[in-house]
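**Student:** coordinates only, sequence not included:
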């Protein structure tokens, strides 16, 4: 073990070249021993502090490695989160686009519905007009049918009267002298 560079060189050389034996006492041995003991204690404290510092450095290195690993995990998680966020944003944009398309379709369908409703209203009005016309025509038809039945009855009556008159005319024609008899074919008809 080397002595501290703080000791004078002569003390270092004498301490390293000779070691005091228990039988020989040097004149300044007490001073030398107490100074040396102080230096050795200081060296031991320094060595202890150095070991403590090495332990702390090692502990810090371990912590730094753990922090590096954690930082790497966090970066990986951040990348995954960024990917997920990007996918979510893309999905949201796609859904918003689909929403806009559906809203446009809804507007178109609503316009078509309103047009169809208007057309249906017009058709209903036409149907009502046609129904009224049909009703009028049915009423007129019934009136005409009634008139036709009356006319048919009248024709039957007139036909019967005509037959009676024809019979009477024929009978009266037989009563007339032959010269005055009507023999025309039109008369027989």
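**Tutor:** Arrived safely, thanks for sending. Computed from a prediction, not measured in an experiment: that's the story for all the values here.
**Student:** only C-alpha atoms for contact and neighbour calcs from this point on.
**Tutor:** OK.
**Student:** which residues touch residue 127?
**Tutor:** By CA atoms under 8 Å, 6 or more residues apart in numbering, the contact set of residue 127 is empty.
**Student:** roughly how far does it sit from residue 44?
**Tutor:** From residue 127 across to residue 44, the span is 118 Å (CA to CA, to the nearest Å).
**Student:** repeat that for residue 121.
**Tutor:** Counting by CA to CA, the gap from residue 121 to residue 44 is 109 Å.
**Student:** number of residues surrounding residue 119?
**Tutor:** Neighbourhood size, residue 119 [other CA atoms under 10 Å]: 12.
**Student:** meant to ask about residue 169
**Tutor:** For residue 169, using other CA under 10 Å, the count is 16.
**Student:** what about it, distance to residue 163?
**Tutor:** Going from residue 169 to residue 163 by CA to CA gives 9 Å.
**Student:** check residue 34 too.
**Tutor:** Using CA to CA, we find residue 34 at a distance of 180 Å from residue 163.
**Student:** same check on residue 141?
**Tutor:** Distance from residue 141 to residue 163, by CA to CA: 31 Å.
**Student:** state the phi and psi torsions of residue 158.
**Tutor:** Reported as degrees, to the nearest 10, the phi and psi values for residue 158 are phi -60, psi -40.
**Student:** that one: how many residues sit nearby?
**Tutor:** Residue 158 has 14 neighbouring residues, counting by other CA under 10 Å.
**Student:** what about it, distance to residue 149?
**Tutor:** 14 Å.
**Student:** what does residue 174 give?
**Tutor:** From residue 174 to residue 149 the distance is 37 Å (CA to CA).
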